[in-house]
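Enquirer: Sharing a model that was predicted from the sequence below.
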Amino acid sequence: MKKVDIINLLPYQNPFLFVDGIDEISEEKIKGHYTFKSDETFYKGHFKDNPITPGVILTECMAQIGLVCLGIFLMRNELDDSTNPQIALTSHQMDFYLPVLPNEKVTVISEKEVFRFNKLKCNVKMINEKEQLVARGKISGMIHIPA
Amino acid sequence: MTKEELIPKLKNIIAPYVQDEEAFKNLNEDTDFVKDLKINSANLVDIILDIEDEFDIRLENEDMEQMLDVKSAMEIINSKLES
């Protein structure tokens, strides 16, 4: 499975797709990136006249790369072009260290902790272009391929 | 393992994931994990993994599908322990 195929299988689109590319992927680990555009819809409101990427959006970006892309890769043998993976976020615990501003590129690195019975749990971190830690935590979700 | 031995062990495993405390207090063989205890599907997986650790057994997809209530969980655990 090619990295671009994984992104094409993602069930998101603008303005809620937060994956630009996948840099590395294996059964155990994924690394991917996204650049927050200056015209993302949420900057208008978060905060007034002071655009900063919301923590929930950083978490979403980490989940899309760290959990959903990895989950699609792990289930690649059960997927084809016509299947749409059904996914659900089930829990997350996240600590934030630095803000992310418009036009910043972030890299997400996620390591699989457990993947059984369709539940994927990962240790996920986000770093900025200076390789500084932005956020770190655990995210879990369920992935299901409809028959 | 007898019912009397198993139920307290199961209660310990299930406790962190329960949403309906009242149903948990009255837990018995017929208690359904999803319908009565309001446990979500992700936490059901956690319970399965915790059961594996506690009893040192390996559960498969078909076990998971059958493990809907306390009674079926006890039956599956006992059948794995005997095999």
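Expert: Alright, I've got the coordinates.

Enquirer: Check for me that residue B:9 belongs to a strand.
Expert: No - counting by DSSP: H, G, I helix; E, B strand; the rest coil, residue B:9 is not found in a strand; it is helix.

Enquirer: Mind pulling up the pLDDT for it?
Expert: The model reports residue B:9 with a pLDDT of 95.

Enquirer: Apart from its chain neighbours, what residue comes closest to it?
Expert: Nearest non-adjacent residue to residue B:9, counting by CB to CB, 6 or more residues apart in numbering or on different chains: residue B:54, 6.3 Å away. Using the backbone N, CA and C atoms, a C-beta is placed for each residue, glycine as well.

Enquirer: host element of the one you found?
Expert: helix B:41-55 (DSSP states H and E).

Enquirer: Grab the nearest non-local neighbour of residue A:89.
Expert: The nearest residue in space to residue A:89 (CB to CB, 6+ apart) is residue A:141, at 5.0 Å.

Enquirer: For the strand or helix carrying the one you found, list every residue counted as buried.
Expert: Counting by DSSP H and E, the element that carries residue A:141 is strand A:133-144. Across strand A:133-144, burial judged by 16 or more other CB atoms under 10 Å in any protein chain shown covers A:134, A:135, A:136, A:137, A:139, A:140, A:141, A:142, A:143.

Enquirer: Turn the residues you listed into CSV, including pLDDT.
Expert: What follows is these, written out as CSV (pLDDT from 0 to 100):
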residue, pLDDT
A:134, 98
A:135, 98
A:136, 98
A:137, 98
A:139, 98
A:140, 98
A:141, 97
A:142, 96
A:143, 93
